[in-house]
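*Asks:* A structural model of the following input is requested.
(one chain, ligands or ions: 1)
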Amino acid sequence: MDTIEKLTEIFKEFPGIGERQAKRFVYFLMAKNSDYAEGLSLLIKELRKDTMQCSQCFRFFVSPNLKKEKVCEICADKNIDSSTLMIVEKDSDLESINKSRVYNGKYFILGGLIPIIEKNTNKTVRINELIKKIPNEKSLKEIILAFSLNPQGNHTDFYIRNQLKDILKSSAIKISSLGRGLSTGTELEYSDNDTLKNALKNRQ
Ligand SMILES: [Zn+2]
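*Replies:* Numbering: from 1, shown residues only. Next comes the predicted model:
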């Protein structure tokens with residue numbers, strides 16, 4: 001494989017990027033001057049250095065004092081409502097909801113949606129981490145499943161409810177899903193504030 005092919009393969013792994021777009025990225029980089037590529041590769045390196053993953057919600061965050069902080073600023077916020085835990089697919093979903101300010105509870109990033117035909121689910125999403133976390137959340141009253149409204153999102157919703165059935169059976173913790181207010185096919189991260197507010201109000 002030559003360098004163009006190698007880089008194309010890497011870009012193809014990016015979310016939503018196909019072969020043709022990946023190749024366009026590579027040609028775009030070649031057309032730019034060398035400072036551009038230099039700057040880009042430096043930023044990629046720093047991204048690994050300056051960020052870490054929150055031990056509570058699993059989001060990636062920039063930590064000013066990297067060695068000490070293991071918990072992100074959202075999870076560390078004393079004003080957060082710890083009676084609700086919202087499960088989202090990915091970092092960008094959390095970011096959209098957090099920015100919209102319609103929700104003030106805790107988060108958990110599942111790390112993906114579950115494909116309808118999938119065997120090794122435990123390896124692709126953080127279901128074990130979620131199951132382990134729930135008993136430690138002493139003031140938890142409600143789990144809100146907040147996935148995009150598409151077949152994979154619905155399947156994931158169903159799957160999580162099923163997986164949590166046993167540990168929720170003996171507790172007073174409710175489980176609800178966003179849905180009403182989001183129209184079919186809606187990507188959570190691109191929803192506007194009013195849509196998110198409605199979806200949250202009409203959760204069931
Ligand atoms: Zn966090």
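*Asks:* near the ion, which residues of this protein?
*Replies:* Neighbours of the ion within the chain, by C-beta under 5 Å from the ion: Cys54, Gln56, Cys57, Cys72, Cys75. Every residue, glycine included, has its C-beta placed from N, CA and C.
*Asks:* the second one looks like it's in a strand, true?
*Replies:* What it means is Gln56. No: per DSSP: H, G, I helix; E, B strand; the rest coil, Gln56 lies outside any strand segment and is coil.
*Asks:* element containing the residue nearest to it when sequence neighbours are not counted, please.
*Replies:* Nearest residue to Gln56, sequence neighbours excluded (C-beta to C-beta, 6 or more residues apart in numbering): Cys75, at 4.1 Å. Here Cys75, judged by DSSP states H and E, is contained in helix 73-76.
*Asks:* so for that helix, what gets flagged as buried?
*Replies:* Residues Ile74, Cys75 are the ones in helix 73-76 that count as buried (16 or more other C-beta atoms under 10 Å).
*Asks:* contacts made by it with the rest, please.
*Replies:* Cys54, Gln56, Cys57, Arg59, Phe61, Glu69, Ile80, Leu94, Asn98, Lys106, Tyr107 (C-beta atoms under 8 Å, 6 or more residues apart in numbering).
*Asks:* just to revisit the earlier point, just flag the most distant two among the residues of the chain next to the ion.
*Replies:* Greatest spatial distance among these (C-beta to C-beta): Gln56 and Cys72, at 7.3 Å.
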